[in-house]
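>>> any chance you could fold what I've pasted below:
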Amino acid sequence: MEWSAAGIVLSAVPYGEGDALATVFTEDHGVYRGLAKGGLSRARAGVWQAGNLVELRWVARLPDQLGSFSGELVHPSAALAMHDPLRLAVLSSACAVAEGALPEREPQTRVFAGLLHLIVHLGDGLSGVAPLAAWELGLLAELGYGLDLSACAVTGGRDGLAYVSPKSGRAVSEAGAGEWRDRLLRLPPFLHGGEAAPEPEDLLHGLRLTGHFLARNVFGVRHSPVPAARTMLADRIAVSAAASQGR
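Coordinates of the predicted model:
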C-alpha cells in the first residue's frame with residue numbers, strides 16, 4: 001500500500017534513534033501518522049517541522065499499519081516564521097488544533113484548503129490571527145459544530161449582531177442582548193463581514209469565541225484539553241489587547 005501527495009506537517013516527535021513519528025495532513029487522505037526514518041537527523045530535521053508543506057510518500061505493507069514516510073520540502077513555513085514569535089505561535093497553534101481536532105484518515109478538503117491558504121499567506125505579527133480565527137470557525141462547521149451567525153436569536157434581525165450565545169452558538173444583536181449581555185461571547189466584526197482591520201481586542205474576542213466551542217464541542221468530547229500552543233497564542237493576544245487598551 002502506498003500513496004503520494006502534497007501535505008502539511010502537523011508534528012514530528014522523536015521515535016527511536018534519529019527517527020520521527022510524523023503527523024501530516026493531506027487533501028485526499030486527511031490526517032495520517034507514519035514513521036519518518038532519519039527524520040531527526042541533521043540532514044532531514046528541517047523537512048519535518050510543523051507547518052512545512054512537503055511532497056510526501058507513504059508506504060506500508062497493509063493499509064492499517066503505521067507505515068513510513070519519505071518527503072521533500074516544498075515550502076519552508078517553519079523557517080520563514082522563526083524570526084517572528086507571534087507568526088510562529090499562529091503557525092504552531094493552527095497545526096496543533098488540526099492534529100487534535102481532525103479524525104485520522106478521513107479527507108477534509110475544505111479544512112485542508114483553508115489551512116494551506118493560511119500557512120502560505122501567513123503574515124507577521126498580529127496579521128495572522130484573524131485568518132486563524134476564521135479558519136477555526138470553518139473547522140467547527142466542517143466538524144458539524146458550525147455557529148449560526150445569520151440572524152439574532154432573540155429578535156430575528158440581521159443587523160447589529162454583536163454577540164454569540166455560548167450555549168446555542170447563535171448570534172445575538174446588541175438590541176437583543178439585554179440583561180444577558182455579560183454572559184454572551186463577543187462577536188468581532190471581522191468574523192461576520194467586517195472589513196476594517198481588527199484591533200487586538202477584536203482578535204482576542206475572536207479567539208475566545210472559537211476557543212470556547214473548540215474546547216466544548218471538539219476537544220471536550222474527547223476528554224482532552226485545547227492544545228497548549230492554542231492556549232499560549234490566546235495568552236499572547238490577551239497581553240497585546242491589554243497593552244493597546246492602556247496606551
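
>>> and for the closest residue to residue 181 other than its chain neighbours, the neighbour number?
Closest residue in space to residue 181, ignoring its immediate chain neighbours: residue 163 at 7.0 Å, by CB to CB, 6 or more residues apart in numbering. The way it works is simple: take the backbone N, C-alpha and C, and place the C-beta from them, glycine included. Residues contacting residue 163 under the criterion other CB atoms under 10 Å number 25.

>>> secondary structure element holding the residue sitting nearest the centre point of the chain?
With distances taken as CA atoms, centre = their mean, residue 94 lies nearest the centre of the chain, 3.0 Å away. Element membership for residue 94 (DSSP states H and E) is helix 85-101.

>>> angle of the longest strand along the chain against helix 85-101?
Looking across the chain with DSSP state E, the single longest strand is strand 2-15. Counting by axes from the mean of the first three to the mean of the last three CA atoms, to 10 degrees, strand 2-15 lies at 110 degrees to helix 85-101.

>>> please save the CA atoms from strand 2-15 in CSV.
This file holds the C-alpha atoms of strand 2-15, laid out as CSV (Å, rounded to 0.1, in the frame of the first residue of the first chain):
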residue,chain,number,x,y,z
GLU,A,2,1.3,3.5,-0.8
TRP,A,3,0.3,7.0,-1.8
SER,A,4,1.9,10.2,-2.8
ALA,A,5,0.6,13.7,-2.1
ALA,A,6,1.5,17.2,-1.0
GLY,A,7,0.8,17.6,2.7
ILE,A,8,1.3,19.8,5.7
VAL,A,9,3.4,18.6,8.6
LEU,A,10,1.4,18.9,11.8
SER,A,11,4.0,17.5,14.2
ALA,A,12,7.0,15.3,14.4
VAL,A,13,8.2,13.7,17.7
PRO,A,14,11.3,11.6,18.4
TYR,A,15,10.9,7.9,17.8
